[in-house]
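Visitor: whatever this is, show me its structure:
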Amino acid sequence: MSEDRSLADSRWQRAFDILAVIGPPLTVATALLVYFGWARTDAQAKAMGFDVSLLGYSVQDLVLRSIPSLFVPLVWLLIASVLWLATDTFLGGQRTAGHRTAQIRWFAMLVMAAGAATAVATWLVMILQPERTLLYVPYVMAAGVLLAAWGLSLWRRSSARRGPNFLAGPRGLERTLVFTLVTLLLFWGTADYAQALGRRLAVSYEERSGLLPTAVVYSRDRLGISAPNVLEDSTGTAGKELYKYSGLRLLVVSGGRIFLLHDGWTLRNGKVVVLPDNPSVRIEYGNPESK
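Guide: Here you go, the predicted model:
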């Protein structure tokens, strides 16, 4: 009976260990996806002249809008993680077998020094020459911190000093500090990259607004849309007015609102028309080629 209980406790312990390893990175990845989606949308909305809160995107919407932009970086990150895991496993096997311990220690010191130098150099560049800072600098700094932490860990494991209390005290705090620092750097880099991408998307709408679906708005009440190139026609009878607005393009439908651009929309002089998504207006959509 005690053996079964011990086996069950061991299984639960392994499950908790797996959650402890997977949980924090998965939480950070999800938070980064949400933050990236919000920062990109916020920069795009500001460049186009309205506030991001009008869109009313949910957390799921932000994550789904982040994945296409982050697909390639995430693939490269996973490839780098697999290569790191394979290298660490190989070196661990060599150390366990007692082979090339000195070489492994030298390699660990080299990795630790390279990672620390990379992190410090990028930090100095950002302080001394902030105008020359590139979007990927926070990611380079985060990679340097991770390399330094891995080199230190590898050096400890390959060290001949294997006492049970050797640097055991601060390791939990050390991991927490490294994890926190890398997380902050990732959010920093994500904010810069997302804002740049959001502004680029706003510019792309200026270049391809003519490729958006056409929208013809019908309303019983006069809407008074004053955007350029928007034509207002009265198509109803004298007793039952019906107003028609043409020259509009569909941008997005979200948060109970319909966002429209006018023909010839530009960042400098363009206006975003926002209408309620309810039966008070009727909208006919068409292909960009149709008039």
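
Visitor: what about stretch 52-69, distance to the chain center?
Guide: 10 Å (Cα atoms, centre = their mean, to the nearest Å).

Visitor: in it, which residues are buried?
Guide: Buried residues in stretch 52-69, counting neighbours by 16 or more other Cβ atoms under 10 Å, are found at Val52, Leu55, Tyr57, Asp61, Leu62, Val63, Arg65, Ser66, Ser69. Glycine gets a C-beta too; all of them are placed from N, C-alpha and C.

Visitor: among these, show me the least confident.
Guide: The pLDDT minimum for those sits at Ser69, where the score is 80.

Visitor: against Tyr193, how distant is it?
Guide: As judged by Cβ to Cβ, to the nearest Å, Ser69 and Tyr193 stand 9 Å apart.

Visitor: OK, contacts around Val182?
Guide: Contacts for Val182 (Cβ atoms under 8 Å, 6 or more residues apart in numbering) come out as Ala142, Val145, Leu146.

Visitor: between the buried residues of stretch 52-69, which is closest to Val75?
Guide: The closest of the buried residues of stretch 52-69 to Val75 turns out to be Ser69 (Cβ to Cβ; 12.5 Å).

Visitor: so which helix or strand takes in the closest one?
Guide: With elements taken from DSSP states H and E, the one containing Ser69 is helix 59-96.

Visitor: name the helices or strands packed onto the next helix-or-strand element following that helix?
Guide: Using DSSP H and E, the helix or strand that follows helix 59-96 towards the C-terminus is helix 101-128. Under the contact definition 3 or more Cβ pairs under 8 Å, 6 or more residues apart in numbering; DSSP states H and E, helix 101-128 sits against helix 59-96, helix 137-158.

Visitor: from the contact counts, what lies against the last one?
Guide: So that's helix 137-158. In this structure, helix 137-158 packs against helix 59-96, helix 101-128, helix 171-208, with contacts taken as 3+ Cβ pairs under 8 Å, 6+ apart.

Visitor: rebuild the buried residues of stretch 52-69 as TSV, extending it with distance to Tyr243.
Guide: Conversion of those to TSV gives the following (distance: Cβ to Cβ, whole Å):
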residue	distance to Tyr243
Val52	30
Leu55	26
Tyr57	30
Asp61	32
Leu62	35
Val63	39
Arg65	33
Ser66	39
Ser69	39
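
Visitor: which among the residues you listed gets closest to Thr214?
Guide: For the buried residues of stretch 52-69, the minimum distance to Thr214 (Cβ to Cβ) is 21.4 Å, reached by Leu55.

Visitor: tell me the confidence at Leu83?
Guide: Reading off the confidence values, Leu83 has pLDDT 87.

Visitor: neighbours of Ile127, how many?
Guide: By the other Cβ atoms under 10 Å criterion, the neighbourhood of Ile127 contains 9 residues.
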